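Undergrad: Here is my input; please provide its structure:
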Amino acid sequence: MKLRNWRLIASASSVWLFVLVPHAGGQNARRYGGGEQDAQPAKATLAIVGGMLIDGHEGPPVPHTLILIDDNRIVAVGTRDTLKVPPGTKVLDAAGMTVMPGLIDVHVHMDTIGHTDYQYWHQTYRSRIQDIYEIAARQLLLYGVTTALDLGGYAPDLRIFKQKLEGGQVMGPRVKFAMGFISNYSDEFVKTWHRGYQSENVHTVDAARAAALKQIESGADVLKAYDGLTPEQVKVIAEEAHKRGLWVTGHAGNPENVIARVEAGQDAIEHIGSFAYGPTVPPEVIRTLLRRRTVVVPTLVISTVQLDAVEWPEFWTDNQRAKSTMPPEIWADVRRSLEHPERVLTNFGGWVRRDSAERARAVFKQLRDAGVPMLVGTDSSTPLNLKTDALWREMEQFTNNGVPPMEVIGLATRRNAEYMKMGQQVGTITKGKLADIIVVDGNPLVSMRDLRNVVAVVKDGHVYKGSTTVAAAKRTDGTR
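TA: Numbering: from 1, shown residues only. Sure, this is the predicted structure:
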């Protein structure tokens, strides 16, 4: 049976359960079409008026909507016929546009912004890492990502940034952090690896357990089991994470390693390159993924973006979205690295080739057809994978590979939120949830490329992008 309309539910042991849920279309049609409705609130601090609503539940879009927000919570969702804007409320005009939940990216790296030379980047900008974090956070938020999962970094640096972000000193999305990597490389390799200083490199089971506890103590929300780990090491990492309600994601090296890691307790697999030696996924891999209810984050964009940049370099070297979100001297450095995108094909061991993208599509189709749950993450900013564009590109890859647009939007909002254990807070435009909402000039149900045109961003009820007016107050002298 193909699991299409599945919902992620985490049990107490952090094992992910996938259950079929009814399609929300009929419910939403009743909700906004004159049946069950949110009551009119007496007050609101912000109203989003007009536009076509895609609420994250994957039901039919609703025209001429009106969303009322009080402080940081959604207090009513309806239409201009069922709700009114309370006097004195700030108004964000969304007429003629798409209104939808803030997007969620379940694989980002806050310490990179698209430069094509990793080694140079980490050597040059490590002393300015807080500046880079702020640029990355601003890029994500201004282009529609209101929640993100950071899967790397150096824990002491990240703790400083997390404090700034949560304290409102810098603008950015809600971020959960892995607080680094746990790997099992040779010590010699780690000395020259550009991310070596971010990793807890372990060679024994006891060291793996200690590394997991250290990262949990550092404030990790998820643990990232990186390359080289044995199944026994993954097992103790997963044990310590699951005891505390966390989950484990990470890499796998090949189909046998996928099976071993999943059986050891790894909850999710990042990237799609490890599931098959060629274009065919072994049946035992699919059976294991389904039996263990493992999540796959394919990150298709990391290969397609590099191949596209070789063919169309001007869309990277002259990317106005990226340019507008970073200081001129940093953009100049990033841009210089983009001038010869063909050199980037030597990254990641030189595996990015046209046939690698084709293999990825074949693997994606087999996993999807089998019902393996897949979510939307970008690995931004790997080389050329600019945060201003990464998520819409990944979503476009999903649609290019046969996933219906409404389902893709549901993946990048509600289902990603459930995976991050935030489904009760964000991911849909629903009364009572946090007000994370974006307005798009265009229709992503027709083309995901329209998500480049994010004209308004609301996070936690605050307007970070877009302009507002104020609804007229009631007159007390009997006139209008």
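Undergrad: Show me what the helix or strand hosting residue 249 packs onto, helices and strands only.
TA: Using DSSP states H and E, the element containing residue 249 is strand 247-250. Using 3 or more Cβ pairs under 8 Å, 6 or more residues apart in numbering; DSSP states H and E as the contact test, the elements touching strand 247-250 are strand 222-225, helix 231-243, strand 268-270. (Each C-beta comes from the backbone N, C-alpha and C, glycine too.)
Undergrad: For it, buried residues please.
TA: Buried residues in strand 247-250, counted by 16 or more other Cβ atoms under 10 Å: 247, 248, 249, 250.
Undergrad: so how far is that strand from its chain's centroid?
TA: Distance of strand 247-250 from its chain centroid, counting by Cα atoms, centre = their mean, to the nearest Å, is 15 Å.
Undergrad: Repeat that for stretch 193-204.
TA: How far stretch 193-204 lies from its chain's middle: 25 Å, per Cα atoms, centre = their mean.
Undergrad: Next, the distance between the ends of that stretch.
TA: Terminal residues of stretch 193-204 are spaced 20 Å apart (Cα to Cα, to the nearest Å).
Undergrad: list the buried ones in it?
TA: Under 16+ other Cβ under 10 Å, the buried positions of stretch 193-204 are 193, 195, 196, 198, 199, 200, 201, 202.
Undergrad: who's in contact with that stretch?
TA: If you take Cβ atoms under 8 Å, 6 or more residues apart in numbering as the criterion, stretch 193-204 is touched by 118-119, 121-123, 126, 152-155, 180-185, 187, 189-190, 208, 210-211, 214-215, 226, 229, 233.
Undergrad: can you check stretch 314-323 too?
TA: The contact list for stretch 314-323 (Cβ under 8 Å, 6+ apart) reads 113-114, 139, 143, 308-309, 331, 334-335, 338-339, 341, 384, 386-389, 452.
Undergrad: for that stretch, which positions count as buried?
TA: 316, 317, 319, 322, 323.
Undergrad: which residues sit in contact with residue 257?
TA: By Cβ under 8 Å, 6+ apart, residue 257 lies in contact with residue 274.
Undergrad: From residue 299, how far off is it?
TA: 17 Å (Cβ to Cβ, to the nearest Å).
Undergrad: give the contact list for residue 172.
TA: Residue 172 is in contact with 134, 136, 137, 138, 140, 141, 165, counting by Cβ under 8 Å, 6+ apart.
Undergrad: which one of those sits closest to residue 429?
TA: residue 141 (17.6 Å; Cβ to Cβ).
Undergrad: wait, the closest one sits on residue 457?
TA: Yes - between residue 141 and residue 457 a contact is recorded at 6.1 Å, counting by Cβ atoms under 8 Å.
Undergrad: residues bridging contact with these two, i.e. touching both?
TA: 464, 465.
Undergrad: Quick one: low-confidence residue ranges for the stretch 1-150 of the chain.
TA: For the stretch 1-150 of the chain, the stretches with pLDDT under 70 are 1-36.
Undergrad: which secondary structure element contains residue 464?
TA: For residue 464, the host element (DSSP H and E) is strand 462-465.
Undergrad: Oh, that last question was meant for residue 159, not what I typed.
TA: helix 155-166.
Undergrad: tell me which residues in that helix are buried?
TA: Across helix 155-166, burial judged by 16+ other Cβ under 10 Å covers 155, 157, 158, 161, 162, 164, 165.
Undergrad: can you check stretch 328-338 too?
TA: Neighbour counts over stretch 328-338 (16+ other Cβ under 10 Å) mark 330, 331, 333, 334, 335, 337, 338 as buried.
Undergrad: From residue 466, how far out is the closest residue to residue 130 other than its chain neighbours?
TA: Of all residues beyond its chain neighbours, the one nearest residue 130 is residue 161 (6.2 Å), with distances taken as Cβ to Cβ, 6 or more residues apart in numbering. Distance, residue 161 to residue 466, by Cβ to Cβ: 25 Å.
Undergrad: can you check residue 298 too?
TA: 32 Å.
Undergrad: Looking at those two now, which is surrounded by more residues?
TA: Using other Cβ atoms under 10 Å as the criterion, residue 298 and residue 466 rank with residue 298 on top: 28 against 16.
Undergrad: what number of residues lie near residue 339?
TA: 11.
Undergrad: correct me, but it touches residue 309?
TA: No - if you go by Cβ under 8 Å, residue 339 and residue 309 don't touch, sitting 10.6 Å apart.
Undergrad: before we move on, back to that, can you tell me which of the contacts of residue 172 is closest to residue 472?
TA: Nearest to residue 472, judged by Cβ to Cβ, of the contacts of residue 172 is residue 141 at 30.7 Å.
Undergrad: Who are the contact partners of the closest one?
TA: When contacts are counted by Cβ under 8 Å, 6+ apart, residue 141 touches 171, 172, 173, 457, 459, 464, 465.
Undergrad: CSV for the residues you listed, including distance to residue 72, pLDDT and secondary structure?
TA: Listed next are these as CSV, based on distance: Cβ to Cβ, whole Å; pLDDT from 0 to 100; DSSP: H, G, I helix; E, B strand; the rest coil:
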residue, distance to residue 72, pLDDT, secondary structure
171, 15, 98, coil
172, 16, 98, coil
173, 14, 98, coil
457, 14, 98, strand
459, 9, 98, strand
464, 13, 98, strand
465, 17, 98, strand
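Undergrad: for those residues, which one is nearest residue 272?
TA: So of those, ranked by how close each gets to residue 272 (Cβ to Cβ), first place is residue 173, at 24.5 Å.
Undergrad: which ones are touching that closest one?
TA: 102, 137, 140, 141, 145, 146, 147, 148, 459.
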